[in-house]
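Q: here's a sequence, model it:
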Amino acid sequence: MKIWFPVSLSESGRESSTDYFVSCCLYLSRFKTILRSNILIVKWQVLDAKLKESDLLEDATEKFKATNIPNQFINNLNCGYDGYTEKCYYYVSNLVKCFGTSNNLNKLIDLCEFGNDDIPPINWIRHSYLLFKDAVKEDFVT
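A: Numbers count the residues shown, from 1 in each chain. Below you'll find the model as predicted:
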């Protein structure tokens, strides 16, 4: 999952792609703070039971707790730059596995964020992104 930075290089007013990328990296801590402040533990606790009841987890151990998923996601967020679109994005590597399972963290995040027939959507990233977007756009208004 790529989470696009809300302002492109041309909109940012930065002189170079390097300056723009540095700005994006600095804003990553702000996005992480917003994500952390929007974790609703009760929703993740309900999700924990739903995931354990379902057949969606591969090799889940007793160490698996859905409440660990948001923090693991936040801790593994990185910043990248797409030269084609001239935009930064935040992402978690597809190599990261969710603690206590052999599941890909991104796949579990997608499942938790958007839900399915058995799992209710959490809308945690989307809600946090809207708050982040408003804050970034406000900073870049000239």
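
Q: for the rest of this, base every contact and every neighbour count on C-alpha atoms.
A: Fine.

Q: how about the helix or strand of the chain at the bottom of the mean pLDDT ranking: buried residues?
A: Every helix and strand of the chain was ranked by mean pLDDT, DSSP states H and E. The lowest is helix 41-53, at a mean of 86. Judged by neighbour count using 16 or more other Cα atoms under 10 Å, the buried positions of helix 41-53 are W44, L47, D48, K50, L51, K52.

Q: quick one: mean pLDDT for the helix or strand just after that helix?
A: Next helix or strand after helix 41-53 toward the C-terminus (DSSP states H and E): helix 69-75. Mean pLDDT, helix 69-75: 96.

Q: show me what helix 69-75 is packed up against.
A: Packing partners of helix 69-75 (3 or more Cα pairs under 8 Å, 6 or more residues apart in numbering; DSSP states H and E): helix 17-37, helix 105-114.

Q: 10 Å instead?
A: Where contact means 3 or more Cα pairs under 10 Å, 6 or more residues apart in numbering; DSSP states H and E, helix 69-75 is packed against helix 17-37, helix 41-53, helix 105-114.

Q: point out the most buried one among those.
A: Using mean count of other Cα atoms under 10 Å, the stretch among the helices and strands packed on helix 69-75 with the largest mean neighbour count is helix 105-114, at a mean of 18.

Q: quick one on the thing from earlier: want to try JSON lines for the helices and strands packed on helix 69-75, with distance to Y91 as columns?
A: Putting the helices and strands packed on helix 69-75 into JSON lines (distance: least, Cα to Cα, whole Å) gives the following:
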{"stretch": "helix 17-37", "distance to Y91": "10"}
{"stretch": "helix 41-53", "distance to Y91": "21"}
{"stretch": "helix 105-114", "distance to Y91": "9"}
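
Q: quick one: closest of those to D139.
A: Smallest distance to D139 across those (Cα to Cα): 10.7 Å, for helix 17-37.
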